[in-house]
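Engineer: this is the structure alone, sequence omitted:
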């Protein structure tokens, strides 16, 4: 039986591309985080030490997720390369939620363990990440020895986050939608 969600396999070359982009971001942001002594994190109990220790991990996960959804939606990594170049012109501004240029879609990536069912994960959106008329997409990243498997779990609109706020735990105050509440993306097959 096939999974009910698309999975993109990024080969070693594409993973290296995302790792390079993650390194650029870490080199830019790490000195700023250390200098100001603040996390900049949206996780309430995140200490400065936690943020420093997780910065590279978080950037790798985000870049692989963004590359996976771009490859899935366009059939190539070219738009990802353009988008990353554009964002690094003003890195403090970021992509403002446009993970694909011009498309109101914010990709949320999470690193997963290979023994856990991807359907057990949730889309988590912090209140300050929300934007009216936006779409959020959950991509789960499973790093392997020579590749990354990226499970594109589904999407939800900003309006669908209303009333779905966690009241305790690590996601306290965040909007949380389980897999069953996400809309599936179609299985696109590129013949390029």
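Structural biologist: Sure, I can see it. Since we're looking at a predicted model, the values are computed, not measured. Numbering: from 1, shown residues only.
Engineer: which element, helix or strand, includes residue 18?
Structural biologist: Assigned by DSSP states H and E, residue 18 falls within helix 12-36.
Engineer: run through who's touching that helix.
Structural biologist: Around helix 12-36, the neighbours that count as contacts under C-beta atoms under 8 Å, 6 or more residues apart in numbering are 10, 39-40, 48, 51-52, 55-56, 59-60, 62-64, 66-67, 71, 77, 80-81, 84, 88, 91, 143, 146-148. C-beta here means a position set from N, CA and C on the backbone, and glycine is covered the same way.
Engineer: kindly recompute the last result at 6 Å.
Structural biologist: 55-56, 59-60, 63-64, 67, 84, 91, 146, 148 (C-beta atoms under 6 Å, 6 or more residues apart in numbering).
Engineer: run the chain-centre distance for it.
Structural biologist: 14 Å (C-alpha atoms, centre = their mean, to the nearest Å).
Engineer: for the residue positioned nearest the centre of the chain, give the beta-bridge partners.
Structural biologist: With distances taken as C-alpha atoms, centre = their mean, the residue of the chain nearest its centroid is residue 109 (2.7 Å). Beta-bridge pairing of residue 109 under DSSP bridges involves residue 139.
Engineer: the top strand by length along the chain: which residues count as buried?
Structural biologist: Taking DSSP state E as the criterion, the chain has its longest strand at strand 147-157. Residues of strand 147-157 classed as buried: 148-156 (neighbour count, 16 or more other C-beta atoms under 10 Å).
Engineer: next, the angle from the longest helix anywhere in the chain to strand 147-157.
Structural biologist: Longest helix of the chain, by residue count under DSSP state H: helix 48-74. Here helix 48-74 runs at an angle of 90 degrees relative to strand 147-157 (axes from the mean of the first three to the mean of the last three C-alpha atoms, to 10 degrees).
Engineer: avg pLDDT for helix 48-74?
Structural biologist: On average, the pLDDT along helix 48-74 is 88.
Engineer: what's the angle from the helix or strand following that helix to helix 12-36?
Structural biologist: Using DSSP H and E, the helix or strand that follows helix 48-74 towards the C-terminus is helix 78-89. Helix 78-89 runs at 20 degrees relative to helix 12-36, counting by the same axes, to 10 degrees.
Engineer: helices or strands up against helix 78-89?
Structural biologist: Under the contact criterion of 3 or more C-beta pairs under 6 Å, 6 or more residues apart in numbering; DSSP states H and E, helix 78-89 touches helix 48-74.
Engineer: tell me which residues of the helix it packs on are tucked away?
Structural biologist: In helix 48-74, counting by 16+ other C-beta under 10 Å, buried: 51, 55, 58-73.
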